[in-house]
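In: here you go, sequence then predicted model.
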Amino acid sequence: MHKSPLKPIQAAKRVQHISSLVISVAVSLVALPGRAETLPEVLVRAYQGNPQLNAARAGQRATDENVPQALADYRPQIMASLSSGLQAVRNLLPDNSAQGATLRPWTIGLTVTQTLFNGFKTVNSVRVAEIQVRSGREALRNVGQGVLLDGVTAYMGVLANQALLEAQRTNVAFLRELLGATRKRLDAGDVTPTDAAQAEARLSRGLADLNAAEVALAVSQAVYHQIVGERPVQLVPAATVDRLSPSGLPEATKAATREHPAVLAAGFDVDVALTTISVAESSLMPTVTVQGSVSRGVQTDTNLGTTRMDQASVIGQIGVPIYDGGMAASRTRQAKELASQSRIVLEQVRNQSRTAVASAWATNEGTKIALTAAESEVRAAGIALRGVQREAQAGQRTTVDVLNAQQDLTNARARQILAQRDRVIASYTLLSATGRLDVRTLRLDTPDYLPEVHYHQVRDAWYGLRTPSGQ
């Protein structure tokens, strides 16, 4: 038995047409003039104010100080001393008489010590410190890559969840309209209570999905605030960065093994470990120092002979280690093992880099296919829904058929939104895997942080407690 044509279905079709417009706006998220936030602008804020990145920069500035500390061994060590006190003196004379006095002696002195040779320990320590600085710079660049990628992920997460929320709101509006129409038809005797129950159940599911979308949006906004430092306002669509990545997988792999900051940092760590062997071996070599000193000692009682004594000396000293209990030998062996470890770590990092590039490349290519499929699915689901609505008007489809078609379209739109999100994130992930996700490559409107500026400010500093920033 066929059911009569339904005006409520026409109303539902009208709601569906409106929902299509709303979803289209939600997906594109066209922002109001003057309030729009683009992805490059958000990345600039993250690059300038992200706590993780700023902490890494402070750590690198601390690493810079290893160089002037190592250079200090080239410079003389100057020590001034001053002593003063009370001294009771009692002298026994040949006639058995005694002579006593209470003295207030004081002595002032200045000592200058200069190391002339220490088994090349200083030169190798300076080299170790300088290589550590270069390794730290690459590690800092890697942190910057991670923060920028986190910014992209947070931005696209909020953008997608906003669109998903609008999609669920539109779905709920459609289901409410359909439920109302079904109840009117139930009162008119055109449908059974089963149809009304099915529409009510779908509305309850839609409300649950709407609540889940609201929760997901709130979580993504919190993550966005953590990374960027501000709450998201109006976000506009973001484009991929495929144009900045190598054209093929072999080129991307080669770029990663040569340019990725993690690989370069591991290479510098190998140099640090090798040079540390020479530092350890320096303990087995002789040391040569020269020390000059001047001092003046004053007594306060002129009856006791000398009242002042001035001294000046220059002393050269050569120390040759004979046996130290095996400490220097153990440290040398330890340094060699650490050097072997660093070589293995370097190869491991290279392998991880190649794997990351292959994974990012496959994911990026996969998102292209997924997005194309999702767009086709949305078009097909929209056509199917309109067909089911027409057939329902002709009495050839039931309410549950319309509900199923609407649910299929809502799910398809959700997959399309997520595919658009994944498409952008995957392109940035590939760029990060090759080691090129930085301010200069992205051409962000912000000055690039240059760690070498602080390095040159402190490298040859002979004194001063304040940092270049004034702290």
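Out: Yep, that arrived.
In: okay, strands next: where are they in the stretch 151-300 of the chain?
Out: Assigned by DSSP state E, counting those that start in this stretch, the strands in the stretch 151-300 of the chain fall at 234-235, 287-298.
In: out of these, which gets nearest to Val400?
Out: Closest to Val400 of the strands of the stretch 151-300 of the chain is strand 234-235 (Cβ to Cβ; 37.2 Å). (Glycine included, C-beta is placed from N, CA and C.)
In: that closest one pairs with which strands, parallel or anti?
Out: strand 36-37 (parallel) (DSSP bridges).
In: quick one: the helix or strand following the partner strand to chain centroid distance?
Out: Using DSSP states H and E, the helix or strand that follows strand 36-37 towards the C-terminus is helix 39-49. Mean-position distance between helix 39-49 and its chain equals 13 Å (Cα atoms, centre = their mean, to the nearest Å).
In: what packs against helix 39-49?
Out: Here helix 39-49 touches helix 121-188, helix 193-228, helix 439-442, going by 3 or more Cβ pairs under 8 Å, 6 or more residues apart in numbering; DSSP states H and E.
In: tell me the most buried of those?
Out: Greatest average neighbour count among the helices and strands packed on helix 39-49 goes to helix 121-188 (a mean of 21), per mean count of other Cβ atoms under 10 Å.
In: next one: phi and psi at Thr467?
Out: phi -80, psi 160 (degrees, to the nearest 10).
In: list the buried residues of stretch 319-339.
Out: Going by neighbour count (16 or more other Cβ atoms under 10 Å), the buried part of stretch 319-339 is Ala328, Arg331, Thr332, Ala335, Lys336, Leu338, Ala339.
In: where does the prediction get shaky in the stretch 1-150 of the chain?
Out: Counting by pLDDT under 70, the stretch 1-150 of the chain shows low-confidence ranges at 1-35.
In: where does Met79 land in three-state SS?
Out: strand (DSSP: H, G, I helix; E, B strand; the rest coil).
In: any idea how far it is from Arg308?
Out: To Arg308, Met79 is 22 Å away according to Cβ to Cβ, to the nearest Å.
In: count of residues packed around Val453?
Out: For Val453, the neighbour count with other Cβ atoms under 10 Å is 10.
In: helix or strand for it, which one?
Out: Element membership for Val453, per DSSP H and E: helix 451-458.
In: contacts made by that helix with the rest, please.
Out: Residues outside helix 451-458 that contact it (Cβ atoms under 8 Å, 6 or more residues apart in numbering) are 57, 60-61, 64-65, 67-68, 133, 136-137, 140, 467-468.
In: dump the residues you listed to a markdown table, plus distance to Gly49.
Out: Below are the contacts of helix 451-458 laid out as a markdown table (distance: Cβ to Cβ, whole Å):
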| residue | distance to Gly49 |
| --- | --- |
| Arg57 | 11 |
| Gln60 | 17 |
| Arg61 | 17 |
| Asp64 | 22 |
| Glu65 | 24 |
| Val67 | 28 |
| Pro68 | 29 |
| Val133 | 25 |
| Gly136 | 21 |
| Arg137 | 21 |
| Leu140 | 16 |
| Thr467 | 20 |
| Pro468 | 20 |
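In: shouldn't Met60 be in contact with Ser135?
Out: Just to correct that, residue 60 is Gln rather than Met. No - using Cβ atoms under 8 Å, Gln60 makes no contact with Ser135, being 10.1 Å away.
In: hmm, back to that, out of the strands of the stretch 151-300 of the chain, which is the most enclosed?
Out: Among those, strand 234-235 has the highest mean neighbour count (mean count of other Cβ under 10 Å), at a mean of 18.
In: just how off-centre is that one within its chain?
Out: The chain centre lies 24 Å from the centre of strand 234-235; the measure is Cα atoms, centre = their mean.
In: the helices and strands packed on helix 39-49 into CSV, with extra columns for distance to Ser84?
Out: Shown next, in CSV, are the helices and strands packed on helix 39-49 (distance: least, Cβ to Cβ, whole Å):
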stretch, distance to Ser84
helix 121-188, 37
helix 193-228, 60
helix 439-442, 60
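In: Arg45 is nearest to which of these?
Out: Arg45 lies closest to helix 193-228 among the helices and strands packed on helix 39-49, at 5.3 Å (Cβ to Cβ).
In: how much does the closest one deviate in direction from helix 39-49?
Out: For helix 193-228 against helix 39-49, the angle by axes from the mean of the first three to the mean of the last three Cα atoms, to 10 degrees is 50 degrees.
In: the closest residue in space to Leu346 that isn't next to it in sequence and Val272, how far apart?
Out: In this structure, Leu346 finds its nearest non-sequential neighbour in Ala266, 4.3 Å apart by Cβ to Cβ, 6 or more residues apart in numbering. From Ala266 across to Val272, the span is 10 Å (Cβ to Cβ).
In: so which of the two has more stuff around it?
Out: Legend: neighbour count by other Cβ under 10 Å for Ala266 and Val272, higher for Ala266 (23 against 20).
In: would you confirm that that one contacts Ser342?
Out: Yes - judged on Cβ under 8 Å, Ala266 makes contact with Ser342 at a distance of 7.4 Å.
In: double-check that Val345 belongs to a strand.
Out: No - using three-state DSSP, the assignment for Val345 is helix, not a strand.
In: so how far is Leu249 from it?
Out: From Val345 to Leu249 the distance is 25 Å (Cβ to Cβ).
In: what do you get for Arg90?
Out: Separation of Arg90 from Leu249 (Cβ to Cβ): 95 Å.
In: who touches stretch 288-298?
Out: With contact meaning Cβ under 8 Å, 6+ apart, stretch 288-298 is reached by 81, 105-118, 307-319.
In: using CSV, write down the CA coordinates of it.
Out: As requested, C-alpha coordinates have been extracted for stretch 288-298 and formatted as CSV (Å, rounded to 0.1, in the frame of the first residue of the first chain):
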residue,chain,number,x,y,z
VAL,A,288,102.9,24.1,32.3
THR,A,289,101.8,27.1,34.3
VAL,A,290,103.5,30.3,35.4
GLN,A,291,102.5,32.2,38.5
GLY,A,292,103.4,35.7,39.5
SER,A,293,102.6,37.2,42.9
VAL,A,294,103.2,40.3,45.0
SER,A,295,102.4,40.8,48.7
ARG,A,296,103.0,43.1,51.6
GLY,A,297,102.8,42.2,55.2
VAL,A,298,102.8,44.8,58.0
